[in-house]
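Q: A structural model of the following input is requested.
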Amino acid sequence: MNNEESLVPTHPEGEAPIDGNQPAETGTSLDTFAGKIHVKWSPEATVSSLGLMPFFIEYLKTSGLFDQWVEDCPLHYTSHNAPEKRDVLGTLVLSVLSGHWRYAHINAIRGDGINPELLV
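A: Prediction:
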């Protein structure tokens, strides 16, 4: 008797690849500070305008970490023209998550019309 024929595989081989049955786009709803948004995935796209940021923003809202951080932060402005503390901290979070490592890079957030609104 051949030893190879008597061996029984212990692990399944996994799921068979789906060739023609996979939808071209799939989507999900996320709950952000700006309300519910719908995110669509397109497998053919090489770049996304939102990236994974909306998913992290949903995590911050659901966990309450961002609200607690804003509340506990000792930042205080006395000028009437000063921005809100939440806006300053939100800009900092978005800048760090975007990979900025210098203060001058924060200016790039000005051109983003989507992600900052999700933290409001």
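Q: only C-alpha atoms from now on, for both contacts and neighbour counts.
A: Fine.
Q: pLDDT on the longest helix seen in the chain, on average?
A: In the chain, taking DSSP state H as the definition, the longest helix is helix 85-97. Averaging pLDDT along helix 85-97 yields 89.
Q: again, but for stretch 42-58
A: The pLDDT scores in stretch 42-58 average 78.
Q: other residues contacting it?
A: Here stretch 42-58 makes contact (C-alpha atoms under 8 Å, 6 or more residues apart in numbering) with 24-26, 30-33, 97, 114-115, 118-119.
Q: and for stretch 59-75?
A: By C-alpha under 8 Å, 6+ apart, stretch 59-75 touches 31-33, 85-86, 89.
Q: that stretch: which residues count as buried?
A: 59-61, 66, 70 (16 or more other C-alpha atoms under 10 Å).
Q: return the subset of those lying in helices.
A: 59-61, 66, 70.
Q: returning to what we had before: could you tell me which of the contacts of stretch 42-58 count as buried?
A: Neighbour-count burial (16+ other C-alpha under 10 Å) is assigned, among the contacts of stretch 42-58, to 30-33, 115, 118-119.
Q: tell me where the protein has strands.
A: 26-32, 35-41 (DSSP state E).
Q: now render those strands as CSV, adding distance to Leu52.
A: Below are the strands of the chain laid out as CSV (distance: least, C-alpha to C-alpha, whole Å):
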stretch, distance to Leu52
strand 26-32, 11
strand 35-41, 10
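Q: right, and the ones you listed - which one's nearest Ala104?
A: strand 26-32 (27.3 Å; C-alpha to C-alpha).
Q: burial of Glu58, as a residue count?
A: Applying other C-alpha atoms under 10 Å, we find 19 residues neighbouring Glu58.
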